[in-house]
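Q: The following block contains a protein sequence and its predicted model.
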Amino acid sequence: MKKILFVTSEAHPLIKTGGLADVCGSLPKAIAELNQDIRLIIPNYQALKSSESVRFLFSLRVDNRNINILETKLPDSNVLVWLVDYPTFYNFPGNPYVDEFGEPWANNAERFALFCRVVVEVAMDRAYQDWKPDVVHCNDWQCGLVPALLSLENNRPATVFTIHNMAYQGLFPVSDVVLLNLPGQLWHPAGLEFHNRLSFIKGGLVYADFVTTVSPTYALEIQTPEYGYGLEGLLEYRKDSLGGIINGVDLDQWDPKTDVYLSHKFSTKTLDKKRLNKAELQAKFALPINDSVPLFGLIGRLVEQKGIDLILECLPELMGMDVQFILLGSGDKDFEKQLEELALQYPNKMAIKIGYDESLAHLIEAGSDVFLMPSRFEPCGLNQMYSQRYGTIPIVRKTGGLADTVTDTLPETLLNNSASGIVFNEASASSLLEAIKRTLILYSVPDSWKKMQLNGMKKDFSWQKSAQEYLALYDSL
Ligand code: ADP
């Protein structure tokens, strides 16, 4: 049995801003089910919600600060969660990274550096809990300093660093190096320095024993300038210790047969009931209730990564077609405004909700016919997998995890029962429109459509296989 300390800045259902939380809430459970001793460590944000009891475990002194470690559990599991409790840094309402105006908290470098230092103390069992992990598995830049700081320790655990999104790197001014009192040995261009700035993510990329990312295609893409943000050289240099493991789906949360958010549950055998969700969704968004009109859905952060600009470019033409479009998301204020204006212009065809709404996200997956995900880059992406499980045909760009999880519909893939979505290549509005038109032709042939739906619903997106791959990796270190 391996002892694994799983380090993350968010985990569903404790705290979530995006896909990172989905992964960090479900992967540890899947690893625990393989009979491993895995524990999660996460900052104790004010917004963190635990339905399980929380108890005081021990105190630590780090950086002249008194830190408490509290213990709880990941809901519906036996996975222990250690909360790093330091109210001065983490007891703020709202988002873990940004204030109510979307601006990063001014002391983010300090907040996450302290978190990393606490993790190192716990990983070295310097609080004498008689529990020293074999592996410390870190996720994204917020945990980046952990592999770097651990590299300076004797008798240290092995380290894994998983990139969920290269676009977020934790870059801070040089002055923070002094402020954070970082060891001098780490401060050089082949270390934490990145063009005269402090890079948290480099702490993981340079110093972790193994680097993973969340899909095989993204693992290759980030070794190229288009996706590597100037770190492609380093990643290529590390290619023998770099791999992609695709994310799974938490089937306790995302299964149309048992989904607690749905009034009308369905499965491959009762696919007909999907239309009841469609009607409920149309009613909720005050669109005409019409089963035959193809309903397009989109859920996500409204940022350029997700190709929202491509959607905006396509929308006038899309609205000229016999379709409906529903969007749930928040992000870039300019995108939000443009979408709101368009929704006012086409009240019978388009409706949007700006905000974050877990329950509505489930209904959109269940009630839509088509899911739009034209991402410019997508490390893994979850919604395209949820869509397939819910009999909703995803339109995706051929990049990252989208390329690895959606099979384009072509005569041969229809024949061999693998077709499960529509895949297009170029990040342009015209390619997206072409894909939409291709989708509408398929929608008009109910037999093919149903075949695509069933192909997607029958795919195995469970965590088991991926958890086994992580375990094999831990064993190899
Ligand atoms: P990313 O991590 O880049 O944001 P993913 O597709 O990997 O994208 O995961 C996004 C997750 O967040 C999904 O579970 C998705 O349903 C959820 N999500 C994103 N935006 C919203 C929203 N506005 N309301 C509800 N859920 C959302």
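A: Nice, I can see it. Computed from a predicted structure; not experimentally measured.
Q: my guess is Lys451 meets Ser418, correct?
A: No - assessed by Cβ atoms under 8 Å, Lys451 is found out of contact with Ser418, at 10.3 Å. Placement of C-beta: from N, CA and C, glycine included.
Q: Please name the residues that touch Gly300.
A: Residues in contact with Gly300 (Cβ atoms under 8 Å, 6 or more residues apart in numbering) are 306, 329, 373, 383.
Q: now these in JSON lines, with distance to the ligand?
A: Formatted as JSON lines, the contacts of Gly300 follow (distance: Cβ to the nearest ligand atom, whole Å):
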{"residue": "Lys306", "distance to the ligand": "7"}
{"residue": "Gly329", "distance to the ligand": "5"}
{"residue": "Met373", "distance to the ligand": "8"}
{"residue": "Asn383", "distance to the ligand": "4"}
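Q: Identify the farthest-apart pair in those residues.
A: Farthest-apart pair in the contacts of Gly300 is Gly329 and Met373; separation 11.7 Å (Cβ to Cβ).
Q: Need the overlap of contacts for the two.
A: Joint contacts of Gly329 and Met373 (Cβ under 8 Å, 6+ apart) are 298, 300.
Q: Quick check: pLDDT value at Gly94.
A: On pLDDT, Gly94 comes in at 82.
Q: Sorry, wrong one. I was asking about Tyr128.
A: Note on Tyr128: pLDDT of 89.
Q: and it, how many neighbours?
A: Tyr128 has 7 neighbouring residues, counting by other Cβ atoms under 10 Å.
Q: Pro374 contacts Asp309, correct?
A: No - using Cβ under 8 Å, Pro374 is not in contact with Asp309; the gap is 9.5 Å.
Q: Looking at the two, which one has more neighbours?
A: Between Pro374 and Asp309, counted using other Cβ under 10 Å, the more crowded position is Pro374 (26 against 19).
Q: need the residues of this structure near the ligand, please.
A: Contact residues (Cβ under 6 Å from any ligand atom) of the chain with the ligand: 18-20, 22, 299-301, 328-330, 356-358, 361, 380-383.
Q: Tell me which residue of the chain lies closest to the ligand.
A: Closest residue of the chain to the ligand, Cβ to the nearest ligand atom: Gly19 (2.4 Å).
Q: burial of that residue, as a residue count?
A: Applying other Cβ under 10 Å, we find 23 residues neighbouring Gly19.
Q: OK, contacts around Asn165?
A: Asn165 is in contact with 20, 140, 379, counting by Cβ under 8 Å, 6+ apart.
Q: mind listing what the first one touches?
A: Right, the one you point to is Leu20. Contacts of Leu20 by Cβ under 8 Å, 6+ apart are 8-10, 139-140, 164-165.
Q: about what we covered before: so which of the residues of the chain next to the ligand belong to helices?
A: Using DSSP state H, the subset of these located in helices is 19-20, 22, 358, 361, 383.
Q: Would you map the strands across the stretch 101-250 of the chain?
A: Shown for the stretch 101-250 of the chain, the strands assigned by DSSP state E, counting those that start in this stretch span residues 135-139, 158-163, 171-173, 193-194, 197-199, 210-213, 242-244.
Q: Reformat these as CSV; add mean neighbour count.
A: What follows is these, written out as CSV (neighbours: other Cβ atoms under 10 Å):
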stretch, mean neighbour count
strand 135-139, 27
strand 158-163, 26
strand 171-173, 16
strand 193-194, 18
strand 197-199, 21
strand 210-213, 24
strand 242-244, 19
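Q: quick one: which of the ones you listed is nearest Gly184?
A: Among those, the nearest to Gly184 by Cβ to Cβ is strand 193-194 (11.4 Å).
Q: What's opposite the closest residue in space to Gly18 that isn't next to it in sequence in the beta bridge?
A: Spatial nearest neighbour of Gly18, excluding adjacent residues (Cβ to Cβ, 6 or more residues apart in numbering): Arg301 at 6.4 Å. Arg301 forms beta bridges with Ser330, as assigned by DSSP bridges.
Q: going forward, begin numbering at 21 instead of 1
A: Yes, from this point I'll number from 21; that puts the last item at Arg321.
Q: Arg321 touches Gly39, doesn't it?
A: No - shown here, Arg321 and Gly39 do not form a contact pair, counting by Cβ under 8 Å, at 9.4 Å.
Q: Where do the helices of the stretch 221-370 of the chain begin and end?
A: 236-241, 245-248, 252-257, 294-304, 328-339, 353-365 (DSSP state H, counting those that start in this stretch).
Q: Please spell out which residues along the least confident helix or strand in the chain by mean pLDDT are buried.
A: Lowest by mean pLDDT, DSSP states H and E among the helices and strands of the chain is helix 195-199, with a mean of 89. Residues of helix 195-199 classed as buried: 196-197 (neighbour count, 16 or more other Cβ atoms under 10 Å).
Q: Any chance you could list what contacts that helix?
A: For helix 195-199, the surrounding residues in contact (Cβ under 8 Å, 6+ apart) are 129-130, 207, 212, 218.
Q: Which members of those residues define the maximum pairwise distance?
A: By the measure Cβ to Cβ, Glu130 and Trp207 form the most distant pair in the contacts of helix 195-199, at 16.8 Å.
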